[in-house]
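S.K.: sharing a model that was predicted from the sequence below.
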Amino acid sequence: MCEDVQHHGCGDSRVFVSQRPEVRADGHGAPVIAPGVGSLASGACRAPVSMTPLDLWLSRSIPMCLLLHSLVLMALCLPSASTCPKGCTCQRSESPPHGLNVTCSMSRLKEIPPDVPPDTQLLQLDRNHISLVPDRIFHGLRMLRRLNLSHNAVETLGEGAFVGLEGSLEVLDLSHNRITNVHKDAFVRLKARVLVDNNPWHCDCALQQALGGMAHNHEAATRVLCRSSELRDQEGQPFLAVDADLCNLAKRTTDYAMLVTMFGWFAMVISYVVYYVRQNQEDARRHLEYLKSLPSKPKLPDEPEDISTVV
């Protein structure tokens with residue numbers, strides 16, 4: 001016999017007792033199997049079933065685990081507001097590798113935000129007031145593919161400006177800035193397509209070496225317009241318009257300057273020697289005149305004459 005206990009509030013407890021099927025005889029004497037007869041047994045209110053500590057812990061921990069799991073999924077799928085730089089908007093990309101698209105355009109930024117999320121794949125910093133690209137500022141952005149720094153006030157680019165982006169960066173936009181000089185290793189090992197047009201470039205050996213170290217150097221060089229140059233006839237012309245080796249030109253200029261400096265030192269030494277000799281001659285002449293002006297003592301008859309010679 002099996003019991004099924006049902007609780008209906010306090011003070012009422014009914015037990016449904018299921019009995020085994022009974023065999024009865026109908027009016028013709030044939031055996032008939034009757035279903036089990038159920039009876040409701042009512043009695044005193046039974047004590048509630050007590051829960052063990054394990055059951056209590058499970059009943060409370062399962063909802064908490066589900067809530068924690070949901071929060072983790074939300075944190076992974078949506079960028080937190082604390083990870084997005086101030087003045088920027090962050091949006092998860094729908095295409096692989098599902099990095100962040102960080103947009104800081106027209107945010108009146110004066111410097112590059114140092115707290116850019118490390119999983120950023122697109123960083124828009126255009127149309128701000130950024131004047132400096134610090135060394136290693138993008139070092140931790142291993143997923144960055146596109147970097148837009150156009151329409152800013154950048155004037156120079158140092159050696160480590162784009163360190164850490166050699167393997168991931170595909171497009172670097174530096175157009176419409178105030179760049180005049182770059183370090184010769186500013187773009188070294190950078191595989192990205194670089195846009196450098198509309199900058200007041202000073203064409204010198206460092207720029208020639210910097211463009212030579214770029215993967216797409218020919219395309220970038222065609223967009224460089226020399227505002228000033230080591231060669232007068234190259235001013236106002238495209239960088240590739242004048243076929244000249246600016247590094248050899250600088251070397252020759254250095255050699256000429258060194259020769260001029262050495263000649264100047266040599267002339268100074270010769271002038272000092274001539275002055276020293278003439279000064280000694282003047283002193284010797286004055287000394288001789290002084291000796292001649294001294295009164296001579298009378299000579300004795302048998303005293304030999306003294307002959308003094310001054311050279």
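M.R.: In hand now; what should we look at? Residues are numbered from 1 along each chain as shown.
S.K.: how many neighbours does the nearest residue to His216 once chain neighbours are set aside have?
M.R.: Counting by Cβ to Cβ, 6 or more residues apart in numbering, the nearest residue to His216 once its immediate chain neighbours are dropped is Arg193, at 5.0 Å. In short, each C-beta sits where N, CA and C put it, glycine included. Look at Arg193: counted by other Cβ atoms under 10 Å, it has 16 neighbours.
S.K.: residues touching Arg193, list them.
M.R.: Applying Cβ atoms under 8 Å, 6 or more residues apart in numbering to Arg193 gives the contacts Glu170, Val171, Leu172, Ala215, His216, Glu219.
S.K.: which of the residues you listed has the weakest pLDDT?
M.R.: By pLDDT, Ala215 ranks lowest within the contacts of Arg193, coming in at 71.
S.K.: host element of that residue?
M.R.: Under DSSP states H and E, no helix or strand contains Ala215.
S.K.: next one, pLDDT for Leu240 please.
M.R.: 79.
S.K.: state the distance from the residue nearest to His216 to Arg146.
M.R.: For Arg193, the distance to Arg146 equals 10 Å [Cβ to Cβ, to the nearest Å].
S.K.: quick one: common contacting residues for these two?
M.R.: By Cβ under 8 Å, 6+ apart, the residues touching both Arg193 and Arg146 are Glu170, Val171.
S.K.: before we move on, the earlier item: so what does the residue nearest to His216 have for phi and psi?
M.R.: phi -80, psi 120 (degrees, to the nearest 10).
S.K.: for it, name its beta-bridge partners.
M.R.: Arg193 has these beta-bridge partners by DSSP bridges: Val171.
S.K.: equivalent analysis for Asn181, please.
M.R.: Under the criterion used here (DSSP bridges), Asn181 is bridged to Thr156.
S.K.: mind showing which ranges of the stretch 1-150 of the chain have poor pLDDT?
M.R.: For the stretch 1-150 of the chain, the stretches with pLDDT under 70 are 1-51, 53-63, 65, 69-82.
S.K.: in the stretch 101-250 of the chain, which spans are helices?
M.R.: 205-212, 217-222, 246-293 (DSSP state H, counting those that start in this stretch).
S.K.: which one of these has the most crowded surroundings?
M.R.: Of all these, helix 205-212 carries the top mean neighbour count, a mean of 20, counting by mean count of other Cβ atoms under 10 Å.
S.K.: which elements pack onto it?
M.R.: Here helix 205-212 touches strand 181-182, helix 217-222, helix 246-293, going by 3 or more Cβ pairs under 8 Å, 6 or more residues apart in numbering; DSSP states H and E.
S.K.: now the ones you listed in TSV, with distance to Phe239?
M.R.: Below are the helices and strands packed on helix 205-212 laid out as TSV (distance: least, Cβ to Cβ, whole Å):
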stretch	distance to Phe239
strand 181-182	12
helix 217-222	5
helix 246-293	10
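S.K.: hmm, Leu246 is touching Ala210, no?
M.R.: No - the criterion here is Cβ atoms under 8 Å, and Leu246 misses it with Ala210 at 11.5 Å.
S.K.: show me this protein divided up by domain.
M.R.: 82-242, 245-277 (automatic domain parsing).
S.K.: need those domains in JSON lines (columns: distance to Pro295).
M.R.: As requested, the domains of the chain are exported to JSON lines (distance: least, Cβ to Cβ, whole Å):
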{"stretch": "domain 82-242", "distance to Pro295": "74"}
{"stretch": "domain 245-277", "distance to Pro295": "32"}
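S.K.: how about those, which one is nearest Arg286?
M.R.: The closest of the domains of the chain to Arg286 is domain 245-277. By Cβ to Cβ, the value is 15.2 Å.
S.K.: kindly provide the distance from Phe239 to Cys104.
M.R.: Taking Cβ to Cβ, one finds Phe239 at 31 Å from Cys104.
S.K.: looking at these two, which one has more neighbours?
M.R.: Set side by side, Phe239 and Cys104 show more neighbours around Cys104, with 25 against 21, by other Cβ under 10 Å.
S.K.: distance check, the more buried one against Leu246.
M.R.: Cys104 is 36 Å from Leu246, by Cβ to Cβ.
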